[in-house]
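Colleague: missing the sequence, but the structure's below:
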C-alpha cells in the first residue's frame, strides 16, 4: 500500500490501467499545483481533471468541501471515478473526506508532497475537516487505495514545513523507538543522512500502530502524544493571535509539555525531559505565553475530540518507547508544565 | 440487529445500560417530535438531549447537517456518545450521516417511525444528504448498532406516507419473491392481514441482499429497481413543479416504467406488465407528463449516482423475483415506456 520513489510511479500506472476508472480527478492546492503538479505531469500517462483549492489549514473547512463536491459533480465524476490527492495533510484530509463521502465513497490515492503528509496525514485513513473553531471535528476513517511517496517533492518544501513533519517523526521516536529518536536528532544536527530510510521507519511505526488499532480503541491513542496541548496551542495561536504556526511546531511544544507531565505523573526521568526540551527547542522556536494565554489554551482542551465523558485524557510516557494513554492531568500540573517550558 | 415491538425496547435498554454512553442524543423532526417522541418517552429510562430539525426531504441538506454537527458540539457530545435517530428515512439518512462523520464516527441506533424507514431506509447502512439538485449524492455506508421497529409508530403515520413505504415493499416482492408480491396486493385490497409479518419479510429480503453485497458491487443494485426513473421523476416534480410527491409514489411509477422496459428488453410477459400497472395504479395516483416534461426527466437521469462511465444503467426483471442489472436502455424505449404508462 506504501510505495516509494520510482517503483511507486510504476505501481500507480499499473493500478490505474488495471482499474479502468471512468474519470480521474487530481485535487491540489495552489502551492502544490505550482510546485508538485509539474512532477506529476511528467510521471503519468493518463488523462485527468484537476480541482485546485486554497492552501493552508484554514481552507480545510465545509465551504471548501462543498466546492470539491460541486466540482466533482460538474466534471461528471461517478462511482467508478478515482480521486488523487496531490498535496500535504490538508489535501489528503479534505480530499480523502470528499472521496469517502462523494456518492457514498469512491476510490482515492494519496500522493503526499509534504513530509507531514508522507509520514503522518496520509497513513491510517483518518480524514476530515475543521468545524467551528476546533480541529478535525468532522470526518471518517477510510483507507486510500495506495500511497505514493516520492522524496522529490521535498526539494521544493519550505523548511518550516519540513520541520512540521519532522516533529511527527520525533513523536514516532518518542512513543516507539529510542534508537530512532536518537537517529532523528543526529540527522537534524548533522544535516546529513538517509532521509528516505528515516521516512520509511516513521511509516512503519505509524502503520504498525494503526493496523493493530484502526479505530483508536487503545494503542492508536499513543499517536496523540504531544497533540492534546499541541492542538490547543495551534488553535489558540491560529484563531486568537491570527499568526501562523505549523501543526508540527505546535505539537513539538506540546511534546515538551507532555514529557514534563510524564515526569511528574509517571517515571520518565528528569534528564530525559531536559534533553527532549533542549533538542526540540534547537529545531523549533519557543513561543512565550502569559498566564491569561495559558488559561485560554487550557480552556480549549475541552474541545479536543479525543475527550471522553467530558474528561481530557493525555498520552504520557513511562520511558521513551513506552506510551501510556487515558491519563488524567490536573490544571495545576499543566500550569507547572508551562512554567517549566518557559523557564 | 433488527428488533420488533416490545422485546425491541427491552433490548435497547439492555444495550444502553451495558455501553455506558457519555451522552445520548435523540434526533427527530418536528413531526416525529410531536407524534413519536411521546411513545419514546414512555419506553425509556435514560437521560437524553434532543436535536429537532424540519420535516421533509428538503431539509436533508448540508445546512441541516451543519446544524446537527453544531448542536452535537454544543451539547458536548464526544466519541463515546450515542445518537438515536427517531423518525423516517430523512432522519435516519441525515442522522446516520451526522453520526458517521461526527468526530470520525460515533455509535447510532435507528428507531424508524415510518413504514419506509422500517423496511428500507434504516436497513443497509446507506446514509447521506441531497446536494445540489440531485438526491443522496453525498453520504457514506455505515451500519447502525441496532434498529428498533415498533408498529405503534405507524398508527399516527399519514396514509400517503404509509403508501410511500408500501411501494418499497412491493419492490421487494417484484425483485425477490412473487408470493410475497401477491400477499402484499391482497393485504392492500382487503385492508386486512398481519402487517408486522409483512414488514419482517421485507426486512429479511433487504437484509439478505445487503449482507451479500454491502457495497453494491452487484446484487444490491437490484434494490434500485424502479428507482432510476423513480428518482428522476421525484427530482423533476419536487424541483421543477414545486409540488410534493412521496419517494414511494415516484418509485411506484418508476416500477411501472421498468416492468414495461423489462418486457421490451427481456422476457417479462406483457400480462405481468399490465397487472403490475393495474395493481400499482390502484394504490398510487397516475401523474400525467407531457413530452417536454418527459424529456426533462430523461435529462435528469444523468445525475443518477448509480451511473458508471456516463451510462445510465437500469435494473430490469426477467420474471418476478429475477432481477437483472446493469441494463442499458435507449431513450426511445424510455419514451415508449412513458407512452405505455400514460395509455
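Modeller: Yes, it's here. Computed from a prediction, not measured in an experiment: that's the story for all the values here. Numbers count the residues shown, from 1 in each chain, chains lettered A, B, ... in the order given.
Colleague: Next to chain B, which bits of chain A? Give me the list.
Modeller: Along chain A, the residues adjacent to chain B under the rule Cβ under 8 Å from any Cβ of the partner chain are A:22, A:62, A:66, A:69-70, A:73, A:76, A:78-80, A:100-105, A:126, A:128, A:131-132, A:134, A:136-142, A:303, A:305-310. The C-beta positions use only the backbone N, C-alpha and C, and glycine is treated the same way.
Colleague: Return the subset of the residues you listed lying in strands.
Modeller: The subset of these located in strands under the criterion DSSP state E comprises A:131, A:134, A:136-138.
Colleague: number of nearby residues for residue A:48?
Modeller: 17 (other Cβ atoms under 10 Å in any protein chain shown).
Colleague: typo on my end, residue A:269
Modeller: Taking other Cβ under 10 Å as the neighbour definition, residue A:269 ends up with a count of 12.
Colleague: Check the residue lying closest to residue A:90 once chain neighbours are set aside and give its pLDDT.
Modeller: With sequence-adjacent residues excluded and distances taken as Cβ to Cβ, 6 or more residues apart in numbering or on different chains, residue A:90 is closest to residue A:60, at 4.9 Å. The model reports residue A:60 with a pLDDT of 96.
Colleague: same thing with the one 3 residues further on?
Modeller: Note for residue A:63: predicted pLDDT of 97.
Colleague: For it, give me its contacts.
Modeller: When contacts are counted by Cβ atoms under 8 Å, 6 or more residues apart in numbering or on different chains, residue A:63 is found next to no other residue.
Colleague: Give me the distance between it and chain B.
Modeller: Applying Cβ to the nearest Cβ, to the nearest Å, one obtains 10 Å for the distance of residue A:63 from chain B.
Colleague: next one: residue A:32
Modeller: Distance, residue A:32 to chain B, using Cβ to the nearest Cβ: 24 Å.
Colleague: Give the closest residue to that residue in space, chain neighbours not counted.
Modeller: By the measure of Cβ to Cβ, 6+ apart, the closest residue to residue A:32 outside its immediate chain neighbours is residue A:87, 4.1 Å from it.
Colleague: right, and that neighbour touches residue A:117 too?
Modeller: Yes: between residue A:87 and residue A:117 a contact is recorded at 7.0 Å, counting by Cβ atoms under 8 Å.
Colleague: What segments of the stretch 151-300 of chain A are helices?
Modeller: Residue ranges of the helices in the stretch 151-300 of chain A, as given by DSSP state H, counting those that start in this stretch, are A:159-176, A:178-190, A:195-212, A:227-235, A:247-265, A:270-283, A:291-300.
Colleague: Format these as TSV; extra columns: mean pLDDT.
Modeller: Written out in TSV, the entries for the helices of the stretch 151-300 of chain A read as follows (pLDDT from 0 to 100):
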stretch	mean pLDDT
helix A:159-176	96
helix A:178-190	95
helix A:195-212	96
helix A:227-235	93
helix A:247-265	97
helix A:270-283	97
helix A:291-300	95
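Colleague: Adding mean neighbour count, write these out as CSV.
Modeller: What follows is the helices of the stretch 151-300 of chain A, written out as CSV (neighbours: other Cβ atoms under 10 Å in any protein chain shown):
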stretch, mean neighbour count
helix A:159-176, 23
helix A:178-190, 16
helix A:195-212, 18
helix A:227-235, 25
helix A:247-265, 26
helix A:270-283, 16
helix A:291-300, 15
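Colleague: among these, which is nearest residue A:151?
Modeller: Each of those was checked against residue A:151 via Cβ to Cβ, and the shortest separation belongs to helix A:195-212, namely 5.6 Å.
Colleague: Ranking by neighbours, what's the top pick from the ones in strands among the residues of chain A next to chain B?
Modeller: Within these, residue A:138 tops the neighbour count with 26 neighbours, counted by other Cβ under 10 Å.
Colleague: for the closest residue to that residue other than its chain neighbours, what are its contacts?
Modeller: Spatially, and ignoring its direct neighbours in sequence, residue A:138 is nearest to residue A:131 (4.6 Å; Cβ to Cβ, 6+ apart). With contact taken as Cβ under 8 Å, 6+ apart, residue A:131 is in contact with A:61-62, A:137-138, B:66, B:69, B:73.
Colleague: Minimum pLDDT in the residues you listed, which residue is that?
Modeller: Note: of those, the lowest pLDDT belongs to residue A:137, at 91.
Colleague: from memory it sits against residue B:74, does it?
Modeller: No: at 12.0 Å, residue A:137 does not count as touching residue B:74 under the criterion of Cβ under 8 Å.
Colleague: thinking again about what came up before, need the buried ones from the residues of chain A next to chain B selected in PyMOL.
Modeller: Provided next is the PyMOL selection string for whichever of the residues of chain A next to chain B are buried by 16 or more other Cβ atoms under 10 Å in any protein chain shown:
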select buried, chain A and resi 22+62+69+73+78+79+80+100+101+102+103+104+105+126+128+131+134+136+137+138+139+140+141+142+303+305+306+307
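Colleague: Tell me the secondary structure at residue A:27.
Modeller: Judged by DSSP: H, G, I helix; E, B strand; the rest coil, the three-state class of residue A:27 is strand.
Colleague: Could you pull up the contacting residues of it?
Modeller: With contact set as Cβ under 8 Å, 6+ apart, residue A:27 has these partners: A:50-53, A:68, A:83-87, A:91, A:94-95, A:98.
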